[in-house]
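Q: Okay, predicted coordinates and the sequence, questions at the end:
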Amino acid sequence: MAGRRTGAAGSADAASEGAASRSAAGRLSERGIITAVTAGGIGAAADPRLLLGPGDDAAVLRLGPLDSGRRLNASDTVITTDLLVEGVHFDLRYITLADAAFKALAVNLSDCAAMGARPAYALGQLGVPAGASQAQIDALLEGLAELQHFSAQQGCPLQLIGGDTVAAPQWIIGFTVLGELSGAAAALTRSGARPGHGIWLSAGLGRAQTGLCVLSGSVASGRSNRPAPADFPRACAALRRPLPGLALGLWLQREGLASACLDTSDSLSESLLLLAQASGAGLLLDLSAPQLEPEVEAFLLWLASRRRGPGEEKAALNLPGALDPAGRPRAYASRADWLLACAEDYGLLFSAPESASLRLLREAPGRLLRIGTVVDSAEGCHYRAEDGKLYPLQRSGYEHF
């Protein structure tokens, strides 16, 4: 399922939630828990080896012996960790165990890409439910092998060097990945966006969310007049086996073009607000007519053309509960509203000075989409929808709790 996830360094948006670990409805919230951990000072002791702690897609350590603050034969290492839980992050009715293993490792590689790091080593954690078979373990290994092959093709050979297994109520697949930074350039972070910089997004906006809706609908009971997975192959593949933007992240770090960067595993709105908060800046976004992939465009046209069901709100787009993993109908005031709620793309969202624009368009490894400009923090964060009007940017998307 689409959902929020946190790298080894935690999540920068936690600070905006206060120290409480409970949501307004009295339930635990992920942002609140992260806030409680970081506010409690865990891991906050001064350490010259810790270059970057909580607040980005990964932590950065400078390993090696230190002498009076100087590094001796040291290297900068990026560390990130993520896990996928059956029933929270994936549904075996439409995602195979091979898919889940591929994705569990891919989300960590996406964190490395967001930091401009080259993933090198991985440690795995596996929770195995009762009754699991050797064939299922073989499927997991197949997915990992395919992701390792992709990583090697991107110039990032990745070795699995250890891990742990344990009995569990359901499948739990996690990894901790260590990456390395090349050259003298520092890791990419979320905090360097400045007024006047452009906001860029790698291709694929809305693709994985389209896949999630289509696949959720394919196993839901009730009426059958829903989009078929066979008509949305790229979208379904994007959800099942996301390809992290390793080449783009390495290129941005090596060429020094990005002023701030993070991945878009969280909803687009969440990622944008994380960047704005970390950089102390505002955003002026234009989502009035973004260039969408054909399958995303087709899905949005289907949503706009369908008749509202009983109890659905009057809105530009109504997502029926049968197409939502939580089974809850959702209403969107505009296409832009839906796009801002899209998650699971595992692309890169970054800012860059205007002087870098031509190189980004001509030389970047992959198509990029410019979606706005960084402005002064006093102007806040707003987006232009297809009606031409400006709206305040608010968090939207799926929450784990």
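A: Done, it's in.

Q: separation between residue 264 and residue 99?
A: Residue 264 sits 19 Å away from residue 99, going by CB to CB, to the nearest Å. Heads up, the C-betas are built off the backbone N, CA and C, glycines and all.

Q: Please apply the same query to residue 93.
A: Summarising the geometry, the distance separating residue 93 from residue 99, computed by CB to CB, is 12 Å.

Q: Looking at these two, which one has more neighbours?
A: Residue environment comparison for residue 93 versus residue 99 gives the larger neighbour count to residue 99, 22 against 10, counting by other CB atoms under 10 Å.

Q: Just give me the neighbour total for the residue lying closest to residue 93 once chain neighbours are set aside.
A: Nearest-residue entry for residue 93: residue 219, 4.5 Å, with adjacent residues in sequence omitted and distances by CB to CB, 6 or more residues apart in numbering. In terms of burial, residue 219 registers 11 neighbours under the definition other CB under 10 Å.

Q: got the phi/psi numbers for residue 219?
A: Here the main-chain torsion angles of residue 219 (degrees, to the nearest 10) amount to phi -110, psi 0.

Q: Do me a favour and average the pLDDT over stretch 335-345.
A: Per-residue pLDDT values across stretch 335-345 average out to 95.

Q: Now do the helices in this protein.
A: Counting by DSSP state H, one finds helices in the chain at the ranges 30-39, 97-115, 134-153, 207-219, 233-240, 246-255, 268-279, 294-305, 335-341, 357-363.

Q: how far off helix 233-240 does the third one point, in degrees?
A: Think helix 134-153. Relative orientation of helix 134-153 with respect to helix 233-240: 100 degrees, computed using axes from the mean of the first three to the mean of the last three CA atoms, to 10 degrees.

Q: and helix 134-153, what other elements does it pack with?
A: Counting contacts by 3 or more CB pairs under 8 Å, 6 or more residues apart in numbering; DSSP states H and E, the secondary-structure elements packed against helix 134-153 are helix 97-115, strand 118-128.

Q: now do 7 Å
A: Here helix 134-153 is seen to pack against helix 97-115 when contacts are counted using 3 or more CB pairs under 7 Å, 6 or more residues apart in numbering; DSSP states H and E.

Q: so how far is the helix it packs on from its chain's centroid?
A: 10 Å (CA atoms, centre = their mean, to the nearest Å).

Q: What is it packed up against?
A: Under the contact definition 3+ CB pairs under 7 Å, 6+ apart, helix 97-115 sits against strand 75-85, strand 118-128, helix 134-153, strand 172-180, helix 246-255, strand 260-263.

Q: Let me know which of those is tucked in deepest.
A: Counting by mean count of other CB atoms under 10 Å, strand 260-263 has the highest mean neighbour count of the helices and strands packed on helix 97-115, with a mean of 27.

Q: Note down every partner strand of it and its orientation.
A: The strands that strand 260-263 pairs with in its sheet are strand 348-352 (antiparallel) (by DSSP bridges).

Q: tell me the contacts of the residue most central in space within the chain?
A: Relative to the mean C-alpha position of the chain, the nearest C-alpha, by CA atoms, centre = their mean, is the one of residue 265, at 1.2 Å. For residue 265, the contact set (CB atoms under 7 Å, 6 or more residues apart in numbering) comprises 5, 107, 110, 343-344, 346.

Q: Check what pLDDT it gets.
A: 87.

Q: Return the backbone torsion pair for it.
A: The main-chain torsion angles of residue 265 are listed as degrees, to the nearest 10 and equal phi -70, psi -40.

Q: Could you shift the numbering so residue one becomes 38, and keep it that way?
A: Done: numbering now begins at 38, and the last item shifts to residue 302.

Q: Distance check, it against residue 268.
A: According to CB to CB, residue 302 and residue 268 sit 26 Å apart.

Q: what's the answer for residue 205, then?
A: 36 Å.

Q: Could you do residue 140 as well?
A: Per CB to CB, residue 140 is found 22 Å from residue 268.

Q: More neighbours: which of the two?
A: Between residue 140 and residue 268, counting by other CB under 10 Å, residue 140 is the more crowded of the two (24 against 13).

Q: residues touching that one, list them.
A: Going by CB under 7 Å, 6+ apart, residue 140 touches 121, 277-279.

Q: what do you get for residue 138?
A: Contacts were defined as CB under 7 Å, 6+ apart; by that measure residue 138 touches 177, 180-181, 210.

Q: pLDDT value on residue 363, please?
A: We have a pLDDT of 88 for residue 363.

Q: So what's the residue count around it?
A: As a burial measure, the neighbour count of residue 363 was computed by other CB under 10 Å and equals 12.

Q: repeat for the one 3 residues further on
A: Burial of residue 366 is recorded as 18 neighbouring residues (other CB under 10 Å).

Q: rewinding a little: between the helices and strands packed on helix 134-152, which gets the lowest average pLDDT?
A: strand 112-122 (a mean of 88).

Q: confidence score at residue 58?
A: Note on residue 58: pLDDT of 40.

Q: from what I can see residue 356 touches residue 363, true?
A: No - using CB atoms under 7 Å, residue 356 is not in contact with residue 363; the gap is 10.8 Å.

Q: gap between the closest residue to residue 375 other than its chain neighbours and residue 288?
A: In space, residue 375 comes closest to residue 369 once its chain neighbours are excluded; the distance is 4.3 Å by CB to CB, 6+ apart. Using CB to CB, one gets 34 Å for the distance from residue 369 to residue 288.
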